[in-house]
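Visitor: predicted model, plus sequence, below.
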Amino acid sequence: MCGKLRDVSKGVGDLDAVEIKPFIERLEEFTLQLLRQCEDNIEVKCLLHGNGKWKRVAWKRDMWVVAREVMEYKQKKFAADVNYQRVLRSVWMDGQPEWADKHGFFWAVLYFMYCVLVYGALQPLLAMIHIFYPCSPFANVIKSPKGSLIMHMFAYGVFVALILRNNLVSFYGSLTITTEGGIIIFWTAALLLGEILQAINLGFCKYISDFWNIVDILMLTTCLCVFILNNCYLCWYATDYTAYAFLDGLVACILTAICLRCMQYFFLHKALGSMLVTFVGMKKDVFYFFCIFITVVLSFSLGLYFLYTISIGDTNIFALLHSNIETLIWAIFGKESTEHLEIPSPTESYNDIYDLDDEIKTINMIYVNTGYILYGLFSLISLLILLNLCIAMMSDTYTKIQENIDVEWTFARTSIWMDFILGPVLPAPFNVFVTMGFIFGRINRCIMGVKKCCKGTDMEAEFQTCEDSMNYNTLLSNLIAKYFEERQENNDDGDIGKVCDDDPSALEKSSIEDETEF
């Protein structure tokens, strides 16, 4: 409800939004107090699932209904509450060794070796066991959400290594469809399938509401097209090296984006996650700065382009528009080009037009001084004013973020937890086999009427039955009643305290009257 009201406030006028904001804050505080009224993890789970009568087998999209809405509508204080975090952390660490949470260098090294062995080296074997024998005890080793994250990281690293190893152009001139190229195409298709399954799980509208999901889809689609063209089309047109160069540029950009996308896992670490939250929080300041800076660069580029094109033609970097823009942009990073502001002696055609042999130096001085003035004004505006303004804005944003950095980081970490709690167990390319097995299994059960005996697919998950089949509506009513009882007690204590402050003898008189009545 808080999130829906927040969405409504965005579509109304500023005055109406200001009036709605206090009500939203009070409602958020009320929901937070309801969460804090829960006495144990069972009540918290019931509240976060939005259903106390948990089925034995349920679709993952039906799990954690309230918890998903908390993340969708960015209820950060609710997500950062200790009760919320305690329950999700228990789910996150489910299936991990008991010593995985121990601190110290020895335990850290031991857990690292465990992850490399189990989630790295044995990942193909355990993945096959999970696909064909999902009820096996060995398959339960990789069903942990944290284990799923580590497997996705290993799979991503192997995918990047394959891209680096695959040679787009052979130095010996032999162009063939390599085995590595086919593996990369299959792996990219599997990654794209993972995004499609995530869109099905979340819902298409919710999926595209996240900007980074759109980036992932575009990045993987482009990558798939590039490798298909590289391994199929260009093998038939081996002499088209221009196309190879273009594809090399695309692969370089995609590889950079893939590596930068892995920075999201920094949110799992307290220090790195807090720094990354601050970095992401400054994106608006940087965007506004570049909007103004690009406008300033284009303005001065047009002026210098007009000046030096008339004076000396196209023999100077300031006489070409593209080089003019490039020069001014690099000037902000300290690369000076003042030597190009000088103008050589006019040509004979220039003298024929103006016939000013005695005023050549004066004309040169006018053009040169005008160029220096424009270049100086650009340096003054961009380096002295805009750059310092951007630094001041970023400092102000940094101060605001640091005031609530723990809540912001906890929310970002919880978002990653929820992605892997609700997401598929196996990473690419094994998710292709899981999806195919799930589809064929559903068709077989529909045709043959075979009942499913156990869990195991990435599309389904199993709940543990709650004691007494706790009802969500009953729990919510109890929490609301407890909240108002606690609030009434606090108000009564506040009234007594206020009376005692006003008249210390009033409490003594009240107690004597109570004893007399008793």
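Guide: Structure received.
Visitor: low-confidence bits of this structure, can you list those?
Guide: Scanning the chain for pLDDT under 70 picks out the ranges 1-20, 51-62, 167-178, 231-241, 311-315, 343-361, 435, 437-470, 492-518.
Visitor: gap between the closest residue to I381 other than its chain neighbours and L164?
Guide: Setting aside the residues directly before and after it, I381 is nearest to V296 in space (C-beta to C-beta, 6 or more residues apart in numbering), at 5.7 Å. Glycine gets a C-beta too; all of them are placed from N, C-alpha and C. Going from V296 to L164 by C-beta to C-beta, to the nearest Å gives 39 Å.
Visitor: looking at the two, which one has more neighbours?
Guide: Neighbours were tallied for V296 and for L164 using other C-beta atoms under 10 Å; the higher tally belongs to V296 (18 against 10).
Visitor: part of a strand, is the more buried one?
Guide: No. Counting by DSSP: H, G, I helix; E, B strand; the rest coil, one finds V296 to be helix, located in no strand.
Visitor: contacting residues for it?
Guide: Listed by C-beta atoms under 8 Å, 6 or more residues apart in numbering, the contact set of V296 reads F378, I381, S382, L386.
Visitor: the residue nearest to G281 when sequence neighbours are not counted: neighbour count?
Guide: Spatially, and ignoring its direct neighbours in sequence, G281 is nearest to I401 (4.7 Å; C-beta to C-beta, 6+ apart). By the criterion of other C-beta under 10 Å, I401 has 18 neighbours.
Visitor: wait, I401 touches V407, no?
Guide: No. Here I401 lies out of contact with V407, judged by C-beta atoms under 8 Å, at a distance of 10.3 Å.
Visitor: relative to H322, which of the contacts of V296 is nearest.
Guide: Among the contacts of V296, F378 lies closest to H322 (C-beta to C-beta), at 16.8 Å.
Visitor: distance check, that closest one against K270.
Guide: F378 is 43 Å from K270, by C-beta to C-beta.
Visitor: what does C262 give?
Guide: Per C-beta to C-beta, C262 is found 18 Å from K270.
Visitor: cool, and G147?
Guide: From G147 to K270 the distance is 21 Å (C-beta to C-beta).
Visitor: give me the more crowded residue out of these two.
Guide: A count of neighbours by other C-beta under 10 Å puts G147 above the other of G147 and K270, at 23 against 12.
Visitor: element containing that one, please.
Guide: For G147, the element it lies in under DSSP states H and E is helix 145-165.
Visitor: tilt between the helix or strand just after that helix and helix 145-165?
Guide: Past helix 145-165, further along toward the C-terminus, the next helix or strand under DSSP H and E is helix 179-202. For helix 179-202 against helix 145-165, the angle by axes from the mean of the first three to the mean of the last three C-alpha atoms, to 10 degrees is 140 degrees.
Visitor: can you tell me what sits against helix 179-202?
Guide: 60-61, 159, 162-163, 165-166, 207-208, 213, 216-217, 220-221, 223-224, 227-228, 230-231, 422-424, 427-432, 435, 458-459.
Visitor: and stretch 386-404, by the same measure?
Guide: With C-beta under 8 Å, 6+ apart as the criterion, stretch 386-404 contacts 277-278, 281-282, 284-286, 288-289, 292-293, 296, 332, 408.
Visitor: list buried residues within those.
Guide: For the contacts of stretch 386-404, a burial check counting by 16 or more other C-beta atoms under 10 Å picks out V277, T278, G281, M282, D285, F289, F293, V296, I332, E408.
Visitor: got TSV for those, with distance to V251 and secondary structure too?
Guide: Listed next are the buried ones among the contacts of stretch 386-404 as TSV, based on distance: C-beta to C-beta, whole Å; DSSP: H, G, I helix; E, B strand; the rest coil:
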residue	distance to V251	secondary structure
V277	31	helix
T278	31	helix
G281	31	helix
M282	30	coil
D285	32	helix
F289	30	helix
F293	30	helix
V296	34	helix
I332	30	coil
E408	35	helix
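Visitor: nearest to L476, of those?
Guide: Minimum distance to L476 across those is 28.2 Å, recorded for E408 (C-beta to C-beta).
Visitor: related to what we said a few turns ago, quick check: the farthest pair among the buried ones among the contacts of stretch 386-404?
Guide: Farthest apart among the buried ones among the contacts of stretch 386-404 by C-beta to C-beta are V296 and E408. That separation is 32.6 Å.
Visitor: still on that earlier bit, got CSV for the contacts of stretch 386-404, with distance to E486 too?
Guide: Below are these laid out as CSV (distance: C-beta to C-beta, whole Å):
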residue, distance to E486
V277, 33
T278, 37
G281, 35
M282, 41
K284, 40
D285, 42
V286, 46
Y288, 46
F289, 49
I292, 52
F293, 54
V296, 58
I332, 58
E408, 29
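Visitor: state the pair within the residues you listed that is farthest apart.
Guide: Farthest pair in the contacts of stretch 386-404 (C-beta to C-beta) is V296 and E408. Separation: 32.6 Å.
Visitor: shouldn't I131 be in contact with P429?
Guide: No. Because the distance of 11.8 Å does not satisfy C-beta under 8 Å, I131 is recorded as not touching P429.
Visitor: what about W330, neighbour count?
Guide: W330 has 12 neighbouring residues, counting by other C-beta under 10 Å.
Visitor: what sits against the closest residue to it other than its chain neighbours?
Guide: If the residues on either side of it in the chain are set aside, W330 comes closest to S337, at 7.9 Å by C-beta to C-beta, 6+ apart. When contacts are counted by C-beta under 8 Å, 6+ apart, S337 touches I317, T327, W330, A331.
Visitor: which one of those residues is nearest to F138?
Guide: Nearest member of the contacts of S337 to F138, counting by C-beta to C-beta, is W330, at 57.7 Å.
Visitor: quick one: contacts for G120?
Guide: By C-beta under 8 Å, 6+ apart, the contact set of G120 is I150, F154.
Visitor: quick check: buried residues in stretch 324-332?
Guide: N324, I325, E326, T327, L328, A331, I332.
Visitor: what's the answer for stretch 127-144, then?
Guide: If you call a residue buried by 16+ other C-beta under 10 Å, then stretch 127-144 has these buried ones: A127, I129, H130, I131, P134, A139, N140, V141, I142, K143, S144.
Visitor: same check on stretch 82-90?
Guide: N83, Y84, Q85, V87, L88.
Visitor: how about stretch 26-34?
Guide: Result for stretch 26-34 [16+ other C-beta under 10 Å]: buried residues E28, T31, L32, Q33, L34.
Visitor: and those, which of them are in strands?
Guide: Using DSSP state E, no member of those falls in strands.
Visitor: from I385, how far off is D406?
Guide: For D406, the distance to I385 - C-beta to C-beta - is 35 Å.
Visitor: and L149, how many neighbours?
Guide: For L149, the neighbour count with other C-beta under 10 Å is 20.
Visitor: find the nearest non-adjacent residue to it, please.
Guide: Nearest residue to L149, sequence neighbours excluded (C-beta to C-beta, 6+ apart): F420, at 5.0 Å.
Visitor: list the contacts of the one you found.
Guide: W92, P145, K146, S148, L149, H152.
Visitor: can you put those residues in a markdown table and add distance to D396?
Guide: Compiled in a markdown table, the contacts of F420 are given as follows (distance: C-beta to C-beta, whole Å):
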| residue | distance to D396 |
| --- | --- |
| W92 | 35 |
| P145 | 37 |
| K146 | 37 |
| S148 | 39 |
| L149 | 35 |
| H152 | 37 |
